[in-house]
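K.L.:
Got a sequence here, can you model it:
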Amino acid sequence: MENDPDHRLGPRYRPRHCPAFARLGADVFVNFFRNRSTAQETADEIRAVGRRSWLVKADIGDLDDLARLFEYVEREAGGWISWCVTPPPATIVR
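P.N.:
From the prediction side, this is the model:
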């Protein structure tokens, strides 16, 4: 895992779990802060399996940004969020 670029946080971090959730039928919001192109690649992969995906720029370390992110997601998802997945070492919350 240490040598796997998908599991390192950094400019090319691409969460494998997002496309996996899409293959299970989830629509996925992809959050990014600095690297829009990597987030776009992830969103494109999600759309390629027939699911909806949105890009959301927010600094999850800033409470105001985090609140805006969830307001946007709730509005776009019709008030329904099944899962919130954050980058490691944070946790997955249901």
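K.L.:
remind me which residues of the chain are low pLDDT?
P.N.:
For the chain, applying pLDDT under 70 flags the ranges 1-15, 84-94.
K.L.:
Next up, identify which helix or strand the residue nearest the centre of it is on.
P.N.:
Centroid-nearest residue in the chain: Val30, 3.0 Å away (criterion: C-alpha atoms, centre = their mean). Element membership of Val30, judged by DSSP states H and E, is strand 28-32.
K.L.:
Which stretches in the protein count as helices?
P.N.:
Shown for the chain, the helices assigned by DSSP state H span residues 17-23, 36-48, 63-76.
K.L.:
And those: which comes nearest Leu55?
P.N.:
Nearest to Leu55 among the helices of the chain is helix 36-48 (5.3 Å), distances taken as C-beta to C-beta. The way it works is simple: take the backbone N, C-alpha and C, and place the C-beta from them, glycine included.
K.L.:
And that closest one, how far out from the chain middle?
P.N.:
10 Å (C-alpha atoms, centre = their mean, to the nearest Å).
K.L.:
Output the contacting helices and strands for that helix.
P.N.:
helix 17-23, strand 28-32, strand 53-57 (3 or more C-beta pairs under 8 Å, 6 or more residues apart in numbering; DSSP states H and E).
K.L.:
Buried residues, that helix. List them.
P.N.:
Neighbour counts using 16 or more other C-beta atoms under 10 Å place Thr38, Ala39, Thr42, Ala43, Glu45, Ile46 of helix 36-48 among the buried residues.
K.L.:
Turn the residues you listed into JSON lines, including distance to Lys57.
P.N.:
Below are these laid out as JSON lines (distance: C-beta to C-beta, whole Å):
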{"residue": "Thr38", "distance to Lys57": "12"}
{"residue": "Ala39", "distance to Lys57": "8"}
{"residue": "Thr42", "distance to Lys57": "14"}
{"residue": "Ala43", "distance to Lys57": "12"}
{"residue": "Glu45", "distance to Lys57": "19"}
{"residue": "Ile46", "distance to Lys57": "17"}
